[in-house]
Structures are given as C-alpha cells and as structure tokens.
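Trainee: Model the structure of this input:
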Amino acid sequence: MARDERVADEEREALVTIAHGAVVTSGGVTGQRLLTAATEFLLVAGLGPALYGVYAVAWRISQILTQLVTFGSVPALQRFVPAGEPAERPRIVGLAYATTATAGAAVTAGVWLAAPAIDAVTVDTPAFVPTLRLFGLIVGLTGVVMIVAATFRALGSARGEVVFNKLLRPAARLVGGAGAIALGSGVVGVASGMVVCMLALAVVGVVISVRSTGIVPSLRGVRTDLRRFYNHAAPVAMSSFGKVFQDRIDLLLVGALLTAVAAGVYNVVVVLISIAWIPLISFNQLLPPVASDLYAADEMETLNAVYSSVTRLIVTAVLPLLAVLGVYGGELLGAFGATYTRGYLPLVVYLGGTFVGSAVGATGWLLMMTDHQYARMALDWLLAVLNVVLTYAFVVEFGLVGAALGTALAIAVQNGIQVLLLRRFEGLFPFDWTFLRPLAAGVCSGRTPATDWSSGNSPPGTAGRSPGPSDSPEVPRHKSLERRGLAWPIPIRRRFSGAPRRSITNRSSWPTGSRRGSCWARRRRRRRSRCGGSNSPRARPSPDTRTPASTSSTSSKGPTPSESATKPTPSPRATRC
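Mentor: You can find the predicted model right below:
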C-alpha cells in the first residue's frame, strides 16, 4: 500500500510539473504563432506574392539548417543537466555553446558558397542569392539563442525557455521585417533587418542566462565529458538531419517543381498548421527532464502512467483546434489574400498527419530520454528516403496537395513506428479505454450541423425547398412547442428566416392557443362586458371581419347619414372606459 501511495505521489508531482510547463508554454506558443502570423501577413502585404515566394524558400532553407546547427546539443542538455552534479553543468553547457558556434560557422560558409547553385535549381531569381546568404548568418545566431533557452529548460524553468525561444525569437524577426518594410526595402532589406535583430538577441540572451542560472559556460576538464556528450548528441544530430527530409523538404520541392507563388501559398499553410501543434509542444516542454529523472530512478511504471495521462490531455486539447482549422481554413487563408485560398485542400490533408503526430504523444523525446537515440536515428533516415520519394512523386502528380500528402504520410508512419519501438524496448504504451471519450467527443463535434452550414451546405432535410420559419440553424423545429405558443424567440426567427415582424401591441396576431393569446382574449372579454358590449369605442373588430381600406370606398369618407342616424349613442359608462 505504501508503494502504491508513493508511486501515486510521484506521478502526481510529475504531472503537476508537466502541466505547469504546459500552461506557461501554451501561452508562449500561442504568442509565437501570433507573432509568426503577423510577420507573414506583413511580408505578404509588403513584398507581394512573387518576392514573398523568394523569401519563403530562403527562410525555409534557413529553418532546415537551424534544426542542425546545435548538432544535438539541445537534447543532450535535457539528458545530462537535470541529473548532473553542479560541477558538471558548466562543462556540459560550455560544450553545447562550443558545438553550436562551430556548426554555425560551418553552415554560414556552406550557405555562402552554395547559394548560387540553390538559386539555379529553385526560384532562379536574382534577389534569392543575397537573401539566402544573409539568412545563413541567422542560422548560427539562432543556434546560440536555442542553447540559451535549452539551459533554462533543462533546469526546469519553462518561463525562460518560453521567453527566449517562443517570444523573443519571432519578435526579433517581426521587428526586423517591419523596420525594413517601413523603410521601403525589398526582400534583401528584410533579411538584413532580421540579422541585426537576431544578433542583438543572442548577445543579450547569453548575458541573462549566465546571471539567472549561475552557470558560467566552461571548457576546463571537458575531456571527461566528451565521450558521453557526443555519444548522445551525434546520433540525435543525424536523426535531426534525417527528420529534415521527412517534414521540411516539402516546401523546397514545391519551390523547385512548381512556382514561387505556390511556395508562398504552401508556406502560409504551414503557418496555420503550426497552430495545431501547440498542445503537443506545450505538454512536451518539461516532459523530457521529467522522463530523464524517472528513467534514471528506474520508475518505469510511473513513467508509463505519466506518458499515458499526458498523451490523453494532448488528444483532448488538439481536437478542437483541428475542427476549427478544418471548418474555417478557407477563411483564414483568405485573410492573407485571394491567392492563398487555393491552399485549403493541402491544409485539410496536412491536418490528418498532424492529428496522428499529436495523438501518440512525445514518442521521439521518450526514445531519446531512454537512451534509444540510435534506433531513432535509423528510423528517421529510413523514413527520410521514403518521404523524399513519395513527396516528389505526389507533387509531380497532384501539385500542391501532393506536398501535404507526402508530409502527412511521413509523420503518421514515423510516429506509429515509434510507438511500437517504445513498447518493444521499454514496455511504454499510452493508449487505453480512457481515450475513447475525447475521440468520441471529437467525432461528434465534427458531425454537428454547424459544420455543414458553415461549409455552405443546406441543413439536413431542407434541400430542394425554400427555407421556412423553422429551418434556420439557430431555430430548431419543435412542433409541440409551437402549438403551445412557446416557440423560439420571434426576433431570432425573423432575423434568420425572413418571417414578417409580429406586432407586440396587436395581440390578436398571437396564436389563439398560446398563453399570451388566451390572456388577451380574457382581458378583452372582461373589457367588453364592463364597457357595454362590442359597440364600445374601445372594442376592436376581429381581423377576419375588418374591411380593407383598398376595397371599401366609403371607409375613407366616413359613415353615411343613414348610418349616423341609426348608430346608438354610447352610454356614460362606455365613455368613461
């Protein structure tokens, strides 16, 4: 019993830590997505479709290289810093900075030399070469900022990682691009402004990291840590390089096989897709250090329980985002311009792979935190080759949709195999019957009539006929309520069904079986009895017996002399009424 209580307490503590990181990260990632969307919207408006396509291809290449520039240092920090001694941490962090700086210098030199050749096989535009060379400088600077953020993350500080990696990085990009657009610069000026802002962020980030964490990067005595550091970092780096060809080669193939405008459209699709990854990224913020601690303590049962609970939360959180993007994706793409609405079908196809990648949880991180990084590397490279072949064939055959289809298939296959590997190696498997509830809720929400109405289809049962008062989506039909006079509010029915305005003062227009009609009838009968019958001036004729003014010529001229003579004089009681 004590064992069960201790395991429950450990699981609760781990979930509280992960949930805290998820709450902080979700806000940061949301801000990151908003800043990214604002940047893309600004550049679309300021550069135009053609130059924006040049920017999109060059930026995509730089982002691919950014995934490689740390050479596996970020996962190595998550693996060794949480469980390391205080004397070891400066050496681990110093190795991460040195590795990133060396890789960044190599990437910058390589991009500078390869830019003309890349331009020849992609967009073939004169502005592409200087733009790509400037973005090569951003790669190394971004790597330094990533190490700063990873140091905070390894120490369990979600705020520091979120501020630098999720907010300040896209903010520097937005400020640099906005300043260049305001000065009337083109795509080369935009790249220059981003380089200046990223350089300032890297310098400030290193200073703040040293003062906040107390870890001063050092390379003294680093030989004792070289073997285990690169034994973990090298396969992770090779895995990242293989992963590039799985989910980041799509835009390059679009730019090479289609047009620069198509590349810009697909880049906007990727920006919207990034919103759906927010739950997975948020819950994975502090899961790696927690998993590393549990694995080092041989608490595999607790680790599996934490993995299952976190994955279920991810599924519950991602389904509403997928539904919103699937239903309103066309409108969101249209906000960038009419040209970008052609990306709706690729967006929907991409969402399928996003769901699979989110539904299996942190499979990649768990493979690395349980020392199976070599298996992850082999899997990434195997699927990298498959993804390049499939995406190329699909783009040639289906165009823009083919790029999304190839990437979605690669994401689904990779994550499915990683789940099987975790179960085979460590016995970790997240799924049980508790996943049926969020899945059923997601399926039901996807089948609501609102989805069909927002897509432009007629509500069920109304096809082929004109809409009636009860056919609007806001007014469900319910005959028993209508017979009792308790139907839905009249302003709503009139607004959405085109029904005529019903006067509140003319009570005779209300249904005779309704409560309002019955009360008015009783009050009218009492008034007639008090005021001397139906000939009282206050007694109103029935709508059915009233003579229209258009069909009676005498109604507008007043009563005839004979009618005036025969009309009885009202009594004093009736006059008082």
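Trainee: can you tell me how far G205 sits from P217?
Mentor: 13 Å (Cβ to Cβ, to the nearest Å). In short, each C-beta sits where N, CA and C put it, glycine included.
Trainee: what do you get for M238?
Mentor: Applying Cβ to Cβ to M238 and P217 gives a distance of 25 Å.
Trainee: Let me see the ranges of the helices in the stretch 201-350 of the chain.
Mentor: 223-247, 249-257, 260-276, 278-283, 287-296, 300-334, 344-359 (DSSP state H, counting those that start in this stretch).
Trainee: Is it possible to get CSV of these that adds mean neighbour count, distance to Y374 and mean pLDDT?
Mentor: Shown next, in CSV, are the helices of the stretch 201-350 of the chain (neighbours: other Cβ atoms under 10 Å; distance: least, Cβ to Cβ, whole Å; pLDDT from 0 to 100):
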stretch, mean neighbour count, distance to Y374, mean pLDDT
helix 223-247, 19, 5, 79
helix 249-257, 24, 23, 80
helix 260-276, 23, 29, 86
helix 278-283, 23, 24, 85
helix 287-296, 21, 16, 81
helix 300-334, 19, 20, 88
helix 344-359, 22, 22, 91
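Trainee: Just send those back as TSV, with distance to G186 too.
Mentor: What follows is the helices of the stretch 201-350 of the chain, written out as TSV (distance: least, Cβ to Cβ, whole Å):
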stretch	distance to G186
helix 223-247	28
helix 249-257	18
helix 260-276	14
helix 278-283	33
helix 287-296	41
helix 300-334	25
helix 344-359	28
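Trainee: What is the burial count for W381?
Mentor: 17 (other Cβ atoms under 10 Å).
Trainee: Same question for W433.
Mentor: W433 has 6 nearby residues by other Cβ under 10 Å.
Trainee: How about the contacts made by it?
Mentor: For W433, no contacting residues are found, by Cβ atoms under 8 Å, 6 or more residues apart in numbering.
Trainee: so how far is I314 from it?
Mentor: Counting by Cβ to Cβ, the gap from W433 to I314 is 17 Å.
Trainee: Centroid-nearest residue for the protein?
Mentor: I275 (2.4 Å; Cα atoms, centre = their mean).
Trainee: what residue ranges in the protein are flagged as low confidence?
Mentor: 1-8, 83-84, 244-248, 434, 437-577 (pLDDT under 70).
Trainee: same thing but at 50, please
Mentor: The chain contains residues with pLDDT under 50 at 1-7, 448-517, 534-558, 561-567, 571-577.
Trainee: May I ask you to name the longest helix in it?
Mentor: helix 2-69 (DSSP state H).
Trainee: Give me the angle between that helix and helix 300-334.
Mentor: 40 degrees (axes from the mean of the first three to the mean of the last three Cα atoms, to 10 degrees).
Trainee: Now do the same contact list for V419.
Mentor: 360, 363, 429-430.
Trainee: can we see that at 7 Å?
Mentor: 360, 363 (Cβ atoms under 7 Å, 6 or more residues apart in numbering).
Trainee: Select, out of the helices of the stretch 201-350 of the chain, the one closest to T39.
Mentor: For the helices of the stretch 201-350 of the chain, the distance to T39 is smallest for helix 260-276, at 9.1 Å, taking Cβ to Cβ.
Trainee: contact partners of that closest one?
Mentor: 33, 36-37, 40, 49-50, 52-54, 56-57, 60, 123, 251, 254-255, 318, 321-322, 325, 329, 332-333, 336, 339-340, 342-343, 346-347, 350-351, 354, 400, 403.
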